[in-house]
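**Q** pasting the sequence and the predicted coordinates here, then a few questions.
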Amino acid sequence: MKNIRSHIFLGAFFITISVIIYSIQYLIFHDSHSSFFYFMQDLAFIPINMFLVTIVLEQLLARREKNSKLEKMNMVIGAFFSEVGTELINYCSFFDKNYKENRFTIDIAQNWTSDDFEKVAAYVKTHKFNVDSTLYSLNEFKIFILGKRDFLLSLLANPILLEHDTFTDLLWSIFHITDEFLVRKQLSGLSETDYAHLSGDIERVYGLLVFEWIYYVKHIKENYPYLFSLSVRENPFMKHYI
């Protein structure tokens, strides 16, 4: 209500100013015909001005705001991979029964083009990773992921990430694993059902994580070549060989 009143007041104020200026013009030049002609001419340009302001300018501002949000989002995602994500891929890969094949498919290289990234992202999105939670120490994995819990919680508090659905899904899948670890005090000697359930949880995180990582590396290759060079050298799919 306050905003409406202020808008009405401003409108009335500017109209009053226009009336005063036209009145002064008439008193000086005594030419109502010319004043009316130019008034109608100015009036004819109002729709064009409205189009330029409301459509063109609004679109430009919206695009600029979107690009700004994307840049901030990618900065947060970059912090995630520096702090947690890259090493988390490494841990998940220890449970990957087909690691060797996946490594050669997803192994990002310096000469990759945008099409290369898109092809691998499409492959990962539909690929079912074959994960076995008995292949590596779940206790070691638990220590790592629980040690990053506070950092991951801080990411959930960032409103920018709420607009990134796939990354939000990734965070929730990671938190699901941490919850599974928290309710299990001992992670050795589990039943086959428990191992199968944890395999499914790791597989879900693994797929979402690699998918986000590919697009993050694609982004830094296009915008920050020096960071891309580091990402290639620190490629989690080159950390170990099976």
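**A** Great, that's in hand.

**Q** care to break this protein down by domain?
**A** 2-60, 69-238 (automatic domain parsing).

**Q** point out the most buried one among the ones you listed.
**A** domain 69-238 (a mean of 16; mean count of other Cβ atoms under 10 Å). The C-beta positions use only the backbone N, C-alpha and C, and glycine is treated the same way.

**Q** what are the phi and psi values at D96?
**A** Dihedral angles of D96 (phi, psi; degrees, to the nearest 10) stand at phi -80, psi 110.

**Q** is it bridged to anything, and to what?
**A** V131 (DSSP bridges).

**Q** show me what contacts it?
**A** 102, 129-131, 135, 206 (Cβ atoms under 8 Å, 6 or more residues apart in numbering).

**Q** quick one: it and V120, what's the gap?
**A** Distance of D96 to V120, given as Cβ to Cβ, to the nearest Å: 16 Å.

**Q** need the contact list for E234.
**A** Neighbours of E234 in contact, by Cβ under 8 Å, 6+ apart: T86.

**Q** hmm, back to that, farthest-separated two in the contacts of D96?
**A** Across the contacts of D96, the longest distance by Cβ to Cβ is 13.7 Å; it joins N102 and L135.

**Q** which strand or helix spans Y22?
**A** If you go by DSSP states H and E, Y22 is part of helix 2-29.

**Q** for that helix, name the packing helices and strands.
**A** Packing partners of helix 2-29 (3 or more Cβ pairs under 8 Å, 6 or more residues apart in numbering; DSSP states H and E): helix 32-51.

**Q** for the helix it packs on, give the mean pLDDT please.
**A** Helix 32-51 comes out with an average pLDDT of 67.

**Q** with stretch 17-27 instead?
**A** Mean predicted confidence for stretch 17-27 is 75.

**Q** pull it out as PDB, backbone CA atoms only.
**A** Taking Å, rounded to 0.1, in the frame of the first residue of the first chain, the C-alpha atoms of stretch 17-27 are listed here in PDB:
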ATOM      1  CA  ILE A  17       5.500  19.500 -13.800                       C
ATOM      2  CA  SER A  18       4.600  18.700 -17.500                       C
ATOM      3  CA  VAL A  19       1.500  20.900 -17.300                       C
ATOM      4  CA  ILE A  20       3.500  23.800 -15.800                       C
ATOM      5  CA  ILE A  21       6.200  23.500 -18.500                       C
ATOM      6  CA  TYR A  22       3.500  23.400 -21.300                       C
ATOM      7  CA  SER A  23       1.700  26.400 -19.700                       C
ATOM      8  CA  ILE A  24       5.000  28.400 -19.600                       C
ATOM      9  CA  GLN A  25       5.600  27.500 -23.200                       C
ATOM     10  CA  TYR A  26       2.200  28.800 -24.200                       C
ATOM     11  CA  LEU A  27       2.500  32.000 -22.200                       C
END
